[in-house]
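Engineer: sequence? don't have it. structure:
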């Protein structure tokens, strides 16, 4: 994910994602949102539900790290969450709205918190030390990855349906 983020400014990239996501979904039909190239691959609806859940996790992690430098950060299995929460039946528009509200709330918090807290880091169960800046860059790459997937799926769905 860090490679996808490249040298982009995380503040700008993270702030732009909610509008970009809404724009991609705006013209999509229910059939396009549900279409997938393979049963093993997620549909747009499933990706958007995942983005909302990942943003919920990210918001919690960032708040945890801001409050307690060095705190343990638990991992989660995205495929288990997708199955447990039946992403295929999610409401893509509602998930995109939730994603946007969480993202903008987290960015507003980061802009107003004591700047010393921005130097805090947590210890991720699988990846080790993650600073606030590192988490922001990872989420930038995560956004770009999934926005690209959604764009490709929309193009494929429109050719196939």
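Structural biologist: Yep, that arrived. None of the values given here were measured: they were computed from a predicted structure. Numbers count the residues shown, from 1 in each chain.

Engineer: Distance from the longest helix belonging to the chain to the middle of the chain?
Structural biologist: For the chain, the helix with the greatest residue count under DSSP state H is helix 132-160. Here the centre of helix 132-160 is set off from its chain's centre by 9 Å, with Cα atoms, centre = their mean, to the nearest Å.

Engineer: How about stretch 21-31?
Structural biologist: 17 Å.

Engineer: Now do stretch 14-26, average pLDDT.
Structural biologist: The pLDDT scores in stretch 14-26 average 97.

Engineer: Going by neighbour count, which residues of the longest helix of the chain are buried?
Structural biologist: 132, 134-144, 146-147, 150, 153-154, 157 (16 or more other Cβ atoms under 10 Å). (Each C-beta comes from the backbone N, C-alpha and C, glycine too.)

Engineer: by contact count, what packs against it?
Structural biologist: Helices and strands touching helix 132-160, by 3 or more Cβ pairs under 8 Å, 6 or more residues apart in numbering; DSSP states H and E, are helix 2-5, helix 10-26, helix 30-34, helix 44-67, strand 121-124.

Engineer: Any chance of JSON lines for the ones you listed, columns distance to residue 98?
Structural biologist: Formatted as JSON lines, the helices and strands packed on helix 132-160 follow (distance: least, Cβ to Cβ, whole Å):
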{"stretch": "helix 2-5", "distance to residue 98": "23"}
{"stretch": "helix 10-26", "distance to residue 98": "10"}
{"stretch": "helix 30-34", "distance to residue 98": "16"}
{"stretch": "helix 44-67", "distance to residue 98": "5"}
{"stretch": "strand 121-124", "distance to residue 98": "23"}
